[in-house]
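> sequence first, then the predicted structure, then my questions.
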Amino acid sequence: MKISSRLLAPASILAVAACTSPGQGFPYPVSPRMETVDDYHGTRVADPYRWLEDPDSPRTREWIEAENRVTRAFLDAVPERPAILARLTEVWDHERFGVPRKRGERLFFTRNDGLQDQSVLCVADGIAGEPRVLVDPNTLSKDGTVALTEFFPSEDGRLLAYELSEAGTDWTTVRVRDVATGADLEDRVDWTKFSTVAWLKDGSGFFYSTYPDHDTTGNVALKNHRLAFHRLGTPQAEDEVVCERPDEPDFGFGGSVTRDGTLLVIHVWKGTEEKNRIYVQDLKLPGAEVVRLLDDFDAAYDFLGKRGRELFFRTNLDAPRGRVIAIDLDRPDRDRWREIVPQSPETLETAHLTSSGIVAAYLEDAASVVRAYDTAGALVETLALPSPCAVAELSASEDDPDVFFALSSFTAPVSIVRYDSAARATSVFREPRAGFDPSLFTTEQVFYSSRDGTRVPMFLVRRKDVRPSSATPTLLYGYGGFNVPMTPAFSPANLVWIERGGVYAAPCLRGGGEYGREWHEAGTKERKQNVFDDFIAAAEWLVAKKMTSPAKLAIRGRSNGGLLVGACLMQRPDLFGAALPGVGVLDMLRYHKFTIGWAWSSDYGTSDEPEAFEYLRKYSPLHNVREGTEYPATLITTADHDDRVVPAHSFKFAAALQQAQGGPAPILIRIETRAGHGTGKPTKMQIEQTADEWAFLAEALR
């Protein structure tokens with residue numbers, strides 16, 4: 001409980017004062033400290049910057065403006081910044097395509113001409129059809145901050161439901177467009193969140209997900225997700241709630257309609273835990289009850305499709321690396337389940353039904369392998385792919401042979417590949433032209449030992465003519481959480497870093513999804529320190545191999561990766577020359593009290609639990625800032641209305657770190673406005689932020 005709350009510093013922060021830390025001199029804004037103390041299971045913990053949790057208060061707005069002025073003055077004075085900005089703009093300026101979704105004979109996919117703030121949605125009549133623009137979000141706002149976040153064609157390709165987000169929020173609005181005319185219908189569904197759209201087969205309406213509370217500050221914990229149905233031509237107020245669980249306010253719901261139109265399959269989730277339930281509803285019977293088909297919450301079940309009376313799932317039940325099973329709706333008992341594709345030595349990332357069988361993407365040491373199986377699960381072929389690469393966003397239909405996927409590497413822009421599963425033929429659907437020569441770069445994979453002896457893979461990317469030494473600037477990037485694998489991925493930002501002579505290092509930390517459920521769980525809750533140990537061991541390996549040195553080593557991560565950077569910055573400030581924690585989860589004692597933060601408890605645990613409080617406090621970046629410590633140069637980045645990881649994490653961490661800094665290196669925070677966690681961020685904002693980050697590192701790693 002709160003013990004007391006008293007202001008300890010002047011309320012006005014418009015004036016700036018020199019830091020009192022030794023050797024500094026940066027004119028940081030004064031950050032008032034309040035005597036706010038919480039009691040956690042008998043332990044008192046101070047939270048002096050609690051007032052920064054309100055992003056709209058006059059004091060917080062003053063503080064944001066003052067911090068941005070200090071940061072802007074520093075970054076604008078870096079001599080290399082104009083050249084970095086110019087080159088980033090050049091490299092970014094190449095065509096980018098999304099993975100097509102095929103409905104009927106129409107293909108729907110996104111395209112960006114290079115520097116458009118938002119990608120546009122195109123439609124083509126057939127594989128060889130000439131694409132035309134269907135939705136252009138760049139026309140919807142002057143500053144480019146309205147984004148097309150998702151799109152869902154109806155089964156016949158006649159209608160399109162598309163989601164729009166403004167200023168980076170996770171809240172979206174669904175509109176419906178007639179594909180032939182390009183005109184919107186009157187239908188409008190507001191306040192959707194963490195939602196797909198599932199059309200009825202006849203296109204008369206769709207299912208979507210929403211919350212009853214519509215908080216826009218991010219300061220309210222979201223509860224009571226629900227699945228609703230919207231019938232075209234009717235107002236949203238008349239939409240029917242199809243599935244909700246008031247008795248389980250943490251449950252979330254997503255709907256899928258089988259291709260034959262007979263069944264609604266409901267994916268029931270609880271936070272980010274790698275488990276879910278499956279409910280079904282018979283769409284042939286008006287008013288049919290929702291049936292709890294899989295309700296034990298014992299594993300992950302990813303619905304793939306329906307054949308006859310069987311439902312196909314990718315699951316990790318009794319298979320930590322994944323397998324494909326079929327469940328007969330008439331005989332759903334577990335002893336009657338059929339195993340179609342058994343577990344393999346590699347990790348099954350995703351699987352899709354086609355008219356010819358099953359196409360599955362695996363991870364082998366964090367690089368992709370794609371295999372085609374027949375309808376009985378017998379291996380047909382393994383696709384020939386460049387190595388190392390990553391396959392993402394597979395798109396397929398169970399009544400069509402075509403499979404589309406994105407093919408990514410560290411050193412070439414993403415290409416879109418078409419695989420005809422009937423003809424067993426692979427071809428390039430779209431391949432952008434790069435404004436650089438990919439042959440000038442090289443990627444290698446190494447393995448190193450973590451603190452406890454665990455073998456961890458790491459990708460290293462550099463120019464071929466660069467011979468790493470202790471003087472080589474190196475950027476170590478990590479994530480390590482929520483079953484998300486670190487796979488080869490192209491980034492214009494990273495390419496420019498590498499072009500300038502730097503090494504890019506990406507370790508595959510525990511907590512990720514590279515090796516299945518066990519690898520993920522080894523980096524969760526009381527085992528979270530394993531993730532930090534893996535990252536620190538990667539840095540130590542790079543230094544020991546004389547590929548860089550602490551003075552030339554920067555660390556970077558976003559969101560859960562921001563937590564990673566913050567924790568490692570606190571534990572080993574001597575090991576790094578600079579740090580870039582972005583939109584990080586940095587207050588581990590209060591993260592679950594805001595927006596969707598509670599959903600991350602499956603990876604973290606919460607301070608409401610005595611045991612979890614003890615280990616969270618040990619690594620929480622905010623609670624491990626130590627007065628007088630010499631921290632490396634740090635640039636914290638966030639957005640003032642991030643409604644996923646609320647900006648208070650970064651605000652409080654920046655204030656505490658500036659106050660505590662015992663060395664000469666700058667501690668700065670860059671706060672974006674009209675932006676959120678990153679979804680739909682305009683291209684110009686992405687380029688400007690990267691230019692600032694690379695300019696900061698150029699100065700910090702001199």
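Okay, I see it.
> what about the strands in the stretch 351-500 of the chain?
357-364, 367-373, 379-382, 390-396, 402-408, 415-420, 425-430, 441-449, 455-463, 474-477 (DSSP state E, counting those that start in this stretch).
> looking at those strands, which is closest to F151?
Ranking these by their distance to F151 (criterion: CB to CB) puts strand 390-396 first, at 11.8 Å. The way it works is simple: take the backbone N, C-alpha and C, and place the C-beta from them, glycine included.
> which other helices and strands contact that closest one?
Secondary structure elements in contact with strand 390-396, counted by 3 or more CB pairs under 8 Å, 6 or more residues apart in numbering; DSSP states H and E, are strand 347-354, strand 357-364, strand 367-373, strand 402-408.
> in TSV: the ones you listed, plus mean neighbour count and distance to G628.
Output for these, formatted as TSV (neighbours: other CB atoms under 10 Å; distance: least, CB to CB, whole Å):
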stretch	mean neighbour count	distance to G628
strand 347-354	23	45
strand 357-364	23	44
strand 367-373	22	45
strand 402-408	22	44
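> from the chain's centroid, how far away is the helix or strand bottoming out on mean pLDDT in the chain?
Comparing helices and strands within the chain by mean pLDDT, DSSP states H and E singles out strand 390-396 as the least confident, with a mean of 94. Strand 390-396 sits 16 Å away from the centroid of its parent chain (CA atoms, centre = their mean, to the nearest Å).
> cool, stretch 261-281 as well?
Average the C-alpha atoms of stretch 261-281, do the same for its chain, and the two points are 21 Å apart (CA atoms, centre = their mean).
> need the distance between the two termini of it.
For stretch 261-281, the first-to-last residue distance is 11 Å (CA to CA, to the nearest Å).
> swap in stretch 101-114?
Start-to-end, stretch 101-114 (CA to CA) is 22 Å.
> now do the buried residues in it.
Along stretch 101-114, the positions that meet the burial threshold by neighbour count (16 or more other CB atoms under 10 Å) are 101-103, 106-112, 114.
> what does stretch 516-528 give?
When burial is assessed from 16+ other CB under 10 Å, stretch 516-528 yields the following buried residues: 516-517, 519-525, 528.
> let me see the mean pLDDT of that stretch.
Model confidence over stretch 516-528 averages 98 on the pLDDT scale.
> okay, it in PDB with CA atoms only?
C-alpha atoms of stretch 516-528 as PDB (Å, rounded to 0.1, in the frame of the first residue of the first chain):
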ATOM      1  CA  GLY A 516      10.600 -24.600 -28.900                       C
ATOM      2  CA  ARG A 517       8.800 -24.400 -25.600                       C
ATOM      3  CA  GLU A 518      11.600 -25.500 -23.300                       C
ATOM      4  CA  TRP A 519      14.000 -22.700 -24.700                       C
ATOM      5  CA  HIS A 520      11.200 -20.200 -24.200                       C
ATOM      6  CA  GLU A 521      10.400 -21.300 -20.600                       C
ATOM      7  CA  ALA A 522      14.100 -21.300 -19.700                       C
ATOM      8  CA  GLY A 523      13.900 -17.400 -20.000                       C
ATOM      9  CA  THR A 524      10.700 -16.800 -18.100                       C
ATOM     10  CA  LYS A 525       9.700 -15.700 -14.500                       C
ATOM     11  CA  GLU A 526      12.400 -16.800 -12.000                       C
ATOM     12  CA  ARG A 527      14.600 -17.900 -14.900                       C
ATOM     13  CA  LYS A 528      14.600 -14.500 -16.600                       C
END
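> give me the contact list for it.
Here stretch 516-528 makes contact (CB atoms under 8 Å, 6 or more residues apart in numbering) with 274, 316, 320-322, 347, 454, 480-483, 509-513, 530-531, 534, 602-605, 611-612, 615, 619.
> where in the chain is pLDDT low?
1-25 (pLDDT under 70).
> 80 instead?
Low-confidence segments of the chain, defined by pLDDT under 80: 1-26, 216-218, 674-679.
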